[in-house]
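Colleague: Using only what follows, build the 3D model:
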Amino acid sequence: MIAQIGQLLVETVFSLLIYLLLARFWMQALRAPFRNPIGEFVVTLTNWAVRPVRRVVPGFAGIDLSSILLAWLAESLKITLIYWLRGFVPGVAAVMAVGAIETLRDSIYLLIGVILVQVVLSWVSPYNDMQGVLNAMTRPFYRMFQRFIPPIGSIDLSPLFVLVLAQICLILIGGLEGTVVRLF
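Modeller: Numbering: from 1, shown residues only. Here you go, the predicted model:
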């Protein structure tokens with residue numbers, strides 16, 4: 001029972017940090033505006049970790065390498081702590097490989113979450129402050145489908161197709177993770 005409580009706490013704290021770091025990474029990579037409530041929230045809660053690492057790991061071509069590196073390391077530490085709580089000591093290579101795969105999976109879950117929030121907000125409050133950042137984070141993914149499938153009756157179906165593609169990617173990542181775990 002204590003191990004379950006510990007696992008819940010580790011997963012909650014580390015997942016929040018990982019998703020914030022990934023949001024910061026993707027917002028910068030997709031050129032989403034940071035001057036909004038979401039951007040300010042993400043920057044405020046991640047600056048304590050990103051700023052010191054940024055001195056050692058600079059960005060490259062507009063990509064915030066420090067945020068993605070921290071997300072990967074936090075994911076790897078989360079996996080290690082969960083294994084320790086279960087009484088298993090994992091190898092470093094296995095943890096780092098699974099951490100990279102889990103970071104990719106978390107990025108896809110972040111995309112799914114952003115799409116769902118954007119769709120709901122477009123129905124309830126289409127002109128709110130968050131639409132700018134949500135549009136910037138989803139527009140590149142929607143564009144792939146909007147070239148081939150125009151809006152039908154002013155309803156854009158591209159979020160549905162992106163969600164289906166994201167689910168397919170999650171299935172493939174699950175198979176990849178199983179293969180990596182068996183290798184180690």
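Colleague: Nearest the geometric middle of the chain, what residue?
Modeller: With distances taken as CA atoms, centre = their mean, the residue of the chain nearest its centroid is Ser107 (2.8 Å).
Colleague: quick one: buried residues of stretch 42-52?
Modeller: By neighbour count with 16 or more other CB atoms under 10 Å, stretch 42-52 contains the buried residues 42-43, 46, 49-50. Glycine gets a C-beta too; all of them are placed from N, C-alpha and C.
Colleague: ok, back up a step: let's see the pLDDT reported for the residue nearest to the centre of the chain.
Modeller: At Ser107, the model reports a pLDDT of 97.
Colleague: Next: Leu9.
Modeller: pLDDT, Leu9: 96.
Colleague: related to what we said a few turns ago, OK, contacts around the spatially closest residue to the residue nearest to the centre of the chain that is not a sequence neighbour?
Modeller: Leaving aside its sequence neighbours, Ser107 sits nearest to Leu22 (CB to CB, 6 or more residues apart in numbering; 5.5 Å). By CB atoms under 8 Å, 6 or more residues apart in numbering, the contact list for Leu22 reads 67-68, 71, 103, 106-107, 110.
Colleague: just how off-centre is stretch 131-140 within its chain?
Modeller: Offset of stretch 131-140 from its chain centre (CA atoms, centre = their mean, to the nearest Å): 15 Å.
Colleague: Return the list of helices and strands in contact with the biggest helix by length in the chain.
Modeller: Secondary structure assigned by DSSP state H gives helix 92-124 as the longest helix of the chain. Applying 3 or more CB pairs under 8 Å, 6 or more residues apart in numbering; DSSP states H and E, we find helix 92-124 packed against helix 2-29, helix 65-85, helix 131-146, helix 158-183.
Colleague: can you pull the pLDDT of Thr12?
Modeller: Confidence at Thr12, expressed as pLDDT, is 96.
Colleague: Need the winner for burial among the helices and strands packed on helix 92-124.
Modeller: Of all the helices and strands packed on helix 92-124, helix 65-85 carries the top mean neighbour count, a mean of 20, counting by mean count of other CB atoms under 10 Å.
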